[in-house]
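Student: sequence first, then the predicted structure:
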There are 2 protein chains.
Amino acid sequence: MSFELVLNNIQKHILLDDLEKSYFVSQLQEEAVSKKRLLLEQGNLCRNIYFIRSGSLRVFYRSKDGKESTVMFGIADWWITDMYCFVNKRPAMLSIEALEDSSVWKLDYCRLKKLYTEIPKLEKYFRILMQNAYCREQLRALDNITFTAEERYSRFVEKYPLISQKITQKDTASYLGITPEFLSSFKRKNQPS
Amino acid sequence: MSFELVLNNIQKHILLDDLEKSYFVSQLQEEAVSKKRLLLEQGNLCRNIYFIRSGSLRVFYRSKDGKESTVMFGIADWWITDMYCFVNKRPAMLSIEALEDSSVWKLDYCRLKKLYTEIPKLEKYFRILMQNAYCREQLRALDNITFTAEERYSRFVEKYPLISQKITQKDTASYLGITPEFLSSFKRKNQPS
DNA sequence: CGTCTATTTGAATGTACTCAAAAGCGGTGG
DNA sequence: CCACCGCTTTTGAGTACATTCAAATAGACG
């Protein structure tokens, strides 16, 4: 039942035979999240890593005083979780909310661990995913310390055109680490229509 | 000849037999970098990943107008490189300089690739390294968008006491994304001795 | 000892935030 | 289908955070 997306994603990096494929997908569990609902809530144990089948999600941190910082957005064909808490079996520091009705495949820690021993090639697959994620985050950190808010905004729009189109300015601001008011003010300045 | 450090690092995560160990270390090449010299220079092809035997290094980006942003610091027992350019065989965007006389083991892309096929367990090892690096960078990005410069500074000192002790304020500032003048000004404010 | 770079200090400026209020927009119920 | 409600976005004034530039001081190194 439509495991195409995740299997194609995997096969960009490694080759699985039919048995491995069917075993891999047998370990996935479907979950639907409707708009504005949380897939993971800050404080709860983060048991799963999620592959997004459809929809879009936002991973964010909420500080004690209520300020939200968006760590990442996820769309179809992306893996998403609170990685630190997932791999260390800690209560989540991050929440994951659906920006629209979404559907994911989830894989819990034990199953993933078992998969690594049963299909060692998956180590390579996830090694490459982690490697890409690392590079992405390092570039983001570099952007954060190098550019002004305005520059960061235009770089974000360029890099993630699909995502930046569908999210609200409030969420964009919380990803850039600025207030929605300030984002609004420099968008106006640049669109003097 | 003192491969202890790197072999111990590996054995925190996977088990290699003696043959694998000796093969692995046979692929490493030693390189010495004296203080202020560059191990990698922005623009040059980034062929290697480096394991730091001794000393300390700084990975940084220099923009056209000469402003430097420090991406990371590395001390003994850490792996370091311009990961994005290493895995994509691109000219380096980052430079790596020695903060003091240092010594590294280097491993080039081809050798690492060969090692992955010959000792598949290494996929797990690097998967874990990449996973940790990803988590670290994600937390850093979160810090950058959530906290003020002053808060980021004290969090940095707490998280990396060894590193923060040995580096200059100029380098600290370039890691935090602020000017040395501003770092100096709030350090004074908090130490009214 | 002298040179070079890092650090400090201060004034002026620019970037980004806070708070408050108004306007816009989407969803929901009557 | 329209009216209302809640949330997002806009706008502006005042403030705080952080930079720039310049000059003085302190430290490191040959």
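Tutor: Cool, got the structure.
Student: which residues touch A:Phe186?
Tutor: Neighbouring residues of A:Phe186 by Cβ atoms under 8 Å, 6 or more residues apart in numbering or on different chains: A:149-150, A:153. From N, CA and C alone the C-beta is placed, and that goes for glycine too.
Student: what about the residue nearest to A:Thr179 when sequence neighbours are not counted, how many neighbours?
Tutor: Leaving aside its sequence neighbours, A:Thr179 sits nearest to A:Ala173 (Cβ to Cβ, 6 or more residues apart in numbering or on different chains; 6.0 Å). Residue crowding around A:Ala173 was assessed by other Cβ atoms under 10 Å in any protein chain shown; the count is 21.
Student: cool, the one 10 residues further on as well?
Tutor: Here the count is done by other Cβ under 10 Å, and A:Leu183 has 19 residues near it.
Student: next one: A:Gln42
Tutor: The local packing of A:Gln42 (other Cβ under 10 Å) involves 17 other residues.
Student: contacting residues for it?
Tutor: Contact analysis of A:Gln42 by Cβ under 8 Å, 6+ apart lists A:61-62, A:92-95.
Student: got the residues of chain A near chain B?
Tutor: Counting by Cβ under 8 Å from any Cβ of the partner chain, the residues of chain A close to chain B are A:61, A:63, A:67, A:69-72, A:83-84, A:87, A:116, A:120, A:123-124, A:126-127, A:130-131, A:133-135, A:137-142, A:144-146, A:174-177.
Student: just the ones of those in helices?
Tutor: A:83-84, A:87, A:116, A:123-124, A:126-127, A:130-131, A:133-135, A:137-142, A:144-146, A:174-176 (DSSP state H).
Student: please tell me how far A:Trp78 sits from DNA strand C.
Tutor: A:Trp78 sits 23 Å away from DNA strand C, going by Cβ to the nearest atom of the strand, to the nearest Å.
Student: so what's the residue lying closest to that residue once chain neighbours are set aside bridging to?
Tutor: Using Cβ to Cβ, 6+ apart and skipping residues adjacent in sequence, the residue nearest A:Trp78 is A:Ile52, 5.2 Å away. With DSSP bridges applied, A:Ile52 shows beta-bridge pairing to A:Val104.
Student: what's A:Ile52 in contact with, if anything?
Tutor: A:Ile52 makes contact with A:74-80, A:102-104, according to Cβ under 8 Å, 6+ apart.
Student: give me the buried positions along stretch A:163-173.
Tutor: By 16 or more other Cβ atoms under 10 Å in any protein chain shown, the buried positions in stretch A:163-173 come out as A:163-164, A:167, A:171-173.
Student: same question for stretch A:72-84.
Tutor: For stretch A:72-84, a neighbour-count test (16+ other Cβ under 10 Å) marks A:72-75, A:78-84 as buried.
Student: check those and tell me the two furthest apart.
Tutor: A:Ile75 and A:Tyr84 (21.7 Å; Cβ to Cβ).
Student: pairing partners for the helix or strand where A:Glu30 lies, with directions?
Tutor: Applying DSSP states H and E as the criterion places A:Glu30 in strand A:29-33. Counting by DSSP bridges, the strands paired with strand A:29-33 are strand A:102-108 (antiparallel).
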